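Chemist: predicted model, plus sequence, below.
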Amino acid sequence: MSSLAVGSPDPGFGVAAQFSTLVDLLEWRARLQPERVAYTFLVDNGKFLPVWRALPPLALWFVPSVIGLPILVYNLIRHPLVRRA
């Protein structure tokens with residue numbers, strides 16, 4: 001399993017920290033800098049964008065699928081487990 005290595009943003013902290021998960025990294029960051037935002041989620045405002053307002057509601061699902069499906073198929077075909085078979 002790989003680990004996340006992070007150089008300390010606090011010069012007094014000393015050594016770089018090692019984390020095995022993103023959760024460990026975020027907990028460490030929350031203890032070190034509790035007043036700062038460590039992680040945010042992307043808010044989907046697609047239906048409020050000017051171009052989307054003119055399209056029917058079904059387009060909110062169909063258009064991203066048309067764009068994402070070829071990318072998904074491309075990556076699935078080239079995945080190491082599929083290539084071995």
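Modeler: Arrived safely, thanks for sending.

Chemist: what is the burial count for the nearest residue to Arg29 once chain neighbours are set aside?
Modeler: Nearest non-adjacent residue to Arg29, counting by C-beta to C-beta, 6 or more residues apart in numbering: Ala38, 4.4 Å away. (Glycine included, C-beta is placed from N, CA and C.) Counted with other C-beta atoms under 10 Å, residues neighbouring Ala38 total 13.

Chemist: residue contacts, Ala38?
Modeler: Ala38 sits next to 26, 29-30 when contact means C-beta atoms under 8 Å, 6 or more residues apart in numbering.

Chemist: restricted to buried residues, select the residues you listed in PyMOL.
Modeler: Buried subset of those, written as a PyMOL selection, criterion 16 or more other C-beta atoms under 10 Å:
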select buried, resi 29
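
Chemist: between the contacts of Ala38, which is nearest Leu49?
Modeler: Leu26 (30.0 Å; C-beta to C-beta).

Chemist: am I right that that closest one falls within a helix?
Modeler: Yes. Assignment of Leu26 by DSSP: H, G, I helix; E, B strand; the rest coil places it within a helix.

Chemist: nearest residue to it in space, please, no chain neighbours.
Modeler: Ala38 (5.3 Å).

Chemist: next, that neighbour: secondary structure please.
Modeler: coil.

Chemist: go on, Gln18?
Modeler: Going by three-state DSSP: Gln18 is strand.

Chemist: next, count neighbours for it.
Modeler: Count around Gln18 with other C-beta under 10 Å applied: 12.

Chemist: if I look at it, how far off is Leu25?
Modeler: Gln18 sits 10 Å away from Leu25, going by C-beta to C-beta, to the nearest Å.

Chemist: ok, which stretches of the chain are strands?
Modeler: In the chain, the strands defined using DSSP state E lie at 4-6, 17-19.

Chemist: between those strands, which gets the lowest average pLDDT?
Modeler: When those are compared by mean pLDDT, strand 4-6 comes last with a mean of 54.

Chemist: hang on, the earlier thing: looking at the contacts of Ala38, which is nearest Phe48?
Modeler: Distances from Phe48 to the contacts of Ala38, taken by C-beta to C-beta, are shortest for Leu26, at 29.3 Å.
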